[in-house]
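Peer 1: Requesting a structural model of the entry that follows:
(2 chains)
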Amino acid sequence: MTAIYLLFILILAIFVGFELIRKVPATLHTPLMSGANAISGITVIGALSIAGGEHDTIATWLGGIAVLLATINVVGGYLVTDRMLAMFKKR
Amino acid sequence: MNDYSMLINLVYVVSATLFIFGLKLLSHPSTARKGNMLSAVAMLLAVVVTMLDHQILSFELILACLVIGSAVGVYAARKVEMTSMPELVSLFNGIGGLASLAVAYATLNGSVGLSVFVALVSFLALLIGAITFSGSVVAWAKLSERIVGRPIIFKGQVIANIVLIIGLFVCGALISLQPNDGNWHYIAIGLALVMGIMLVLPIGGADMPVVISLLNSYSGLAACAAGFALENNLLIVAGALVGASGIILTNIMCKAMNRSLINVVTSGFKPVVTSDMKIEGEIKPLTAEDAFYVLEAAQSVLVIPGYGMAVAQAQHAMKELQGLIEGNGAEVAYAIHPVAGRMPGHMNVLLAEADVSYEQLFEMDEINPRIEGFDVAIVIGANDVVNPAAREMEGSPIYGMPVINVDLAKNVFVLKRGMAAGFAGIDNPLFFKDNTRMIFGDAKETLTNLVRQFAD
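Peer 2: Purely as a prediction, here's the structure:
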C-alpha cells in the first residue's frame, strides 16, 4: 500500500512541476536549471540518516560521501543561482 | 520518548510548499531571486529537522561532510565564470547523480530483508544515478573541450548499447528478486556507468543544450527514485519537480530545433546529409570603419548573440557599444534563440552579467514579426540559429527549424572569425545575401573597434 501512496505523491508533484515550470520565461532558463539542481540535492536528507545511523562501516561511509556530494550540490547550486539572478536588472 | 517523526514530516510538508512557491516566483526576473531564497530556506529547514531523526546517532561524520561540502560549494559558486556555466551545471548534475547512487547503494547494501519493491526502486536510483554521473562527466569534458565536442561514434556502438540494456535488465531483475546477493550491485553500477558514457558520446556540438537539460532531469529522477527506496515524501516531491523541469527544458530545446528527442539522441549515428543546393551570390566583407557609418545612421539595431559571443567574451564590449548607439538616439534590442549557446538561457545570463536590462532581451517569436523594421542586425558568433536555409532550402538538414529571420532586416552584419561552417556543418546562405556584410575577426576586437570609432 505504501508504494501506491508514494506513487500518488509522485504523480501530483509531477503535474505541479509541469504547471510551474511552463511559466518560467526563457530568459531565466539557466538559473532555473542551476536552481533545480540545488533542489535535486535534497538527496542529502536521505543520506543524513544513513551516515548517522547504526549501519555497518561501508554504509556509514557511503552515507557520508552522499552527504558531502549532495551538500556541494545544494550550497553551490543555490549560491550560483543567486549570483546569476542578482545580475538580472531592469534598467 | 525520542520520536520526532511527526514533527519531521510536518516540516517536510512546509519544505515542499516552499519549494513550490520558490519555483512559482521564478516566473518573473523581478521575483526570481526571492524564489531562490525561499527554496534555499526550504532546504535548510529540511536538513535541520532531519537531524532530529532518531536513527541518527553520531553527528561527527555528518557535520564534517556538511562543512566540507559547503566549502566546496561556496568556492565553486564564487569562482565560476558566467561563460562556463554549462560546465558547472553539468558537474553539479553529475555530483547529484553520484549522491543518489551512494544513497541507493547504501540502502541495498546496508539492510537485510528488503522487499521486492524497495529493491527495485533502489536499483532504479542506482541506475539513474550512475547514468547521470558518468553522462554528466562526459558532457562536462565535451563542454570544457577536454575531449572532442563533436559526436563520437565507433563501430558496433549500436550493438554494444543493446547488450548494455539487456545486461541492465537482467541485473535489475536479479537485484529485485535476490536483494541480498551483493555481487549484482557492482555489475549494475559498472554497466550503468558505461551506459551514461555511451548515451552522451554520440551527441555533440549544437545539441549540448538538450543533453544538459536531459541530465538535469535525470538528477531529479534519481533523487525521486531514492525517495521511493527510503519512503521519503520530500525526496519524491523535490525530485519530481526537478525531473519535470528538466523534461520541459528538454522539450523546449528539441522544439527549437524542430527535432524529436529520439532524433537528437541518435543523430550521431546518421550519415551527414549533404545538400547539392547551390548558394547564389558572393561574400561581401566590410571593415569596422565602414560598419560604423552604417551604425551611426541606423535608427534601430538588433543584436543576435550566439556561442561565439561567449567564446570571445564579447558581451561587455557589446554592452558598451549598445550605450553609444543608444546615446546616438537609436533603439537597441537583443534577439535570443532558445538553443543559442550551450545551455538553455545561456545568452541571457551572459548579457545580464554585462548589465543589459532583461527588458531588452526578446525571444525569437517576439522579434520575428517585426524584424523587417530593424535597420541593422548584428550577428555575433551565431550561425545555425540565423540560417535562412531553414526556411528556404528544402534539402537542408536544418530545413523546418525555427530560426531568427535576420536576413529580413535592412542590413545584416555578421561578426565571424572565418568562413568555417557552424556546429551543424551546414553552409549558411545568409552570408551570401545582398544585404549581408561580413566583418571578419575576433568579435570582441571588432566591437571594441566600433566603440572606438563612436568615441572619436
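Peer 1: residues contacting residue 45?
Peer 2: All of this is about chain A. In this structure, residue A:45 makes contact with B:46, B:47, B:50, B:232, B:234, B:235, judged by Cβ atoms under 8 Å, 6 or more residues apart in numbering or on different chains. Just so you know, the C-beta spots here come from the backbone N, C-alpha and C atoms, and that holds for glycine as well.
Peer 1: if you could check chain B rather than the one you did, that'd help
Peer 2: Shown in contact with residue B:45 (Cβ under 8 Å, 6+ apart): B:11, B:14, B:15, B:18.
Peer 1: you'd agree residue B:152 is up against residue B:202?
Peer 2: Yes: counting by Cβ atoms under 8 Å, residue B:152 does reach residue B:202; the two are 6.5 Å apart.
Peer 1: The two: who's more crowded?
Peer 2: residue B:202 (21 against 18; other Cβ atoms under 10 Å in any protein chain shown).
Peer 1: which residues in chain B form strands?
Peer 2: Along chain B, counting by DSSP state E, strands occupy B:300-305, B:331-336, B:361-363, B:376-380, B:411-416, B:436-440.
Peer 1: and of those strands, who's closest to chain A?
Peer 2: Proximity to chain A (Cβ to the nearest Cβ) singles out strand B:361-363 among the strands of chain B, at 5.3 Å.
Peer 1: what about the closest one and chain A, touching?
Peer 2: Yes: Strand B:361-363 lies within reach of chain A by Cβ under 8 Å from any Cβ of the partner chain, at B:361, B:363.
Peer 1: Show the average pLDDT along that strand.
Peer 2: The average pLDDT for strand B:361-363 rounds to 94.
Peer 1: who's in contact with it?
Peer 2: Outside strand B:361-363, the residues touching it (Cβ under 8 Å, 6+ apart) are A:25, A:26, A:27, B:333, B:334, B:335, B:336, B:338, B:348, B:351.
Peer 1: Which one of these is nearest to residue B:311?
Peer 2: residue B:351 (15.0 Å; Cβ to Cβ).
Peer 1: which ones are touching the nearest residue to that closest one once chain neighbours are set aside?
Peer 2: The spatial neighbour of residue B:351 that comes closest, neighbours along the chain excluded (Cβ to Cβ, 6 or more residues apart in numbering or on different chains), is residue B:315 at 5.8 Å. Residue B:315 makes contact with B:305, B:309, B:350, B:351, B:353, B:354, B:356 under the criterion Cβ under 8 Å, 6+ apart.
Peer 1: from these, which single one is nearest chain A?
Peer 2: residue B:353 (5.2 Å).
Peer 1: so the closest one sits right up against residue B:80, yeah?
Peer 2: No: counting by Cβ under 8 Å, residue B:353 stays clear of residue B:80, with 11.5 Å between them.
Peer 1: how many other residues sit next to residue A:29?
Peer 2: Counted with other Cβ under 10 Å, the neighbours of residue A:29 add up to 24.
Peer 1: Am I right that it is in contact with residue B:248?
Peer 2: No: with contact defined as Cβ under 8 Å, residue A:29 does not reach residue B:248; the gap is 9.6 Å.
Peer 1: was I right about residue A:25 contacting residue B:30?
Peer 2: No: judged on Cβ under 8 Å, residue A:25 makes no contact with residue B:30 at a distance of 11.2 Å.
Peer 1: Who has more neighbours out of the two?
Peer 2: A direct count of neighbours by other Cβ under 10 Å for residue A:25 and residue B:30 places residue A:25 higher, at 17 against 11.
Peer 1: give me the residue from the stretch 151-300 of chain B nearest chain A.
Peer 2: Residue nearest to chain A within the stretch 151-300 of chain B (Cβ to the nearest Cβ): residue B:244, separated by 2.9 Å.
Peer 1: The closest residue in space to that residue that isn't next to it in sequence: which element?
Peer 2: The shortest distance from residue B:244 to any non-neighbouring residue, by Cβ to Cβ, 6+ apart, is to residue A:17 (2.9 Å). Taking DSSP states H and E as the criterion, residue A:17 maps to helix A:2-22.
Peer 1: quick one: the helix or strand following that helix near chain B?
Peer 2: Once the chain leaves helix A:2-22, the next helix or strand it forms, by DSSP H and E, is helix A:29-40. Yes: using Cβ under 8 Å from any Cβ, we find that helix A:29-40 touches chain B at A:29, A:30, A:31, A:32, A:33, A:34, A:35, A:36, A:37, A:38, A:39, A:40.
Peer 1: wouldn't the second one be in contact with residue A:85 here?
Peer 2: No: under the contact definition of Cβ under 8 Å, residue A:30 does not touch residue A:85, with a separation of 9.9 Å.
Peer 1: Compare the two (neighbour count), which wins?
Peer 2: residue A:30 (29 against 24).
Peer 1: follow-up on the earlier one: can you list which of the contacts of residue B:315 are found in helices?
Peer 2: Mapping the contacts of residue B:315 onto helices (DSSP state H) picks out B:309, B:350, B:351, B:353.
Peer 1: wouldn't the second one be in contact with residue B:309 here?
Peer 2: Yes: using Cβ under 8 Å, residue B:350 makes contact with residue B:309 at a distance of 6.9 Å.
Peer 1: Neighbour count: these two, which is higher?
Peer 2: Ranked by neighbour count (other Cβ under 10 Å), residue B:350 and residue B:309 place residue B:309 first, with 30 against 26.
Peer 1: who's in contact with the more buried one?
Peer 2: Going by Cβ under 8 Å, 6+ apart, residue B:309 touches B:315, B:318, B:347, B:350, B:380, B:381, B:382, B:443.
Peer 1: before we move on, the earlier item: what's the per-residue pLDDT of the residue nearest to residue B:351 here?
Peer 2: Per-residue confidence (pLDDT) for residue B:315: 94.
Peer 1: Ranking by neighbours, what's the top pick from the contacts of residue B:309?
Peer 2: residue B:347 (30 neighbours).
Peer 1: Model confidence for that residue, exactly?
Peer 2: Confidence for residue B:347, expressed as pLDDT, is 94.
Peer 1: ok, it - contacts?
Peer 2: B:305, B:306, B:309, B:310, B:334, B:336, B:340, B:341 are the contacts of residue B:347 under Cβ under 8 Å, 6+ apart.
Peer 1: how close does it get to residue B:30?
Peer 2: 20 Å (Cβ to Cβ, to the nearest Å).
Peer 1: same check, this time on residue B:167
Peer 2: Plainly put, residue B:167 is 50 Å away from residue B:30 if you go by Cβ to Cβ.
Peer 1: Right, and chain A sits closest to which residue of the stretch 251-400 of chain B?
Peer 2: Per Cβ to the nearest Cβ, residue B:345 is where the stretch 251-400 of chain B lies closest to chain A, at 3.1 Å.
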